[in-house]
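Peer 1: fold the following for me, if possible:
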Amino acid sequence: MAIQNSSYHELDAENLEVLRSKYEISPDTCFVCLANNGAVLGYLLSHPWSGISPPKLFEPLNAPENSDHLYLHDLAISPDLKEQGLGRSLVLKLFEVARLKGICRISLVAVQGADSFWSRVGFYEVAGVNVCSSYGENAVLMEKCL
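Peer 2: Residues are numbered from 1 along each chain as shown. The predicted structure follows:
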């Protein structure tokens, strides 16, 4: 929760129940990076999703009946470790797991200007889709085909 709180300055933090609902749906597509002393350095939460519109923030998630891709819900890294490649490593691990599971597409909503990071790891903007206002101003729906 501390990493989430320090990562988002334009959005409110989601509560633990909401974050846990993403993990419970698909624990094998969620990752936590720990230091040798057990401290959390960063995390990535993704889950099955269907359709083009992203899920709303701040609401617990139920597993969709027919998913057609993964939705990358959140990637957050400790502020002390920004720009050191940890986020990229977590994303590349997700790509690897998704391919092994036969998943061909991952979508996400880039917030706070993070679309430049997501572009560098192969995501592209999906035009013409309204993103829920809960994602904040200038949110960008993006996807990557694997």
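
Peer 1: any stretches of the chain with poor pLDDT?
Peer 2: Applying pLDDT under 70 to the chain flags the ranges 8-10.

Peer 1: as a quick check, tell me the outermost residue of it.
Peer 2: In the chain, counting by C-alpha atoms, centre = their mean, Asn37 sits farthest out from the average C-alpha position, at 25.2 Å.

Peer 1: the protein: strands as residue ranges?
Peer 2: With strands called from DSSP state E, the chain shows them at 31-34, 40-49, 69-77, 105-110, 124-125, 140-145.

Peer 1: can you tell me which of the ones you listed is packed in deepest?
Peer 2: For the strands of the chain, average neighbour numbers computed from mean count of other C-beta atoms under 10 Å are highest in strand 69-77, which has a mean of 23. C-beta here means a position set from N, CA and C on the backbone, and glycine is covered the same way.

Peer 1: I'd like to know how far Leu100 sits from Leu94.
Peer 2: To Leu94, Leu100 is 11 Å away according to C-beta to C-beta, to the nearest Å.

Peer 1: who has more neighbours out of these two?
Peer 2: Neighbour count, other C-beta atoms under 10 Å: between Leu100 and Leu94, Leu94 has more, with 24 against 9.

Peer 1: hmm, the more buried one is touching Ser46, no?
Peer 2: Yes - at 5.9 Å, Leu94 counts as touching Ser46 under the criterion of C-beta atoms under 8 Å.
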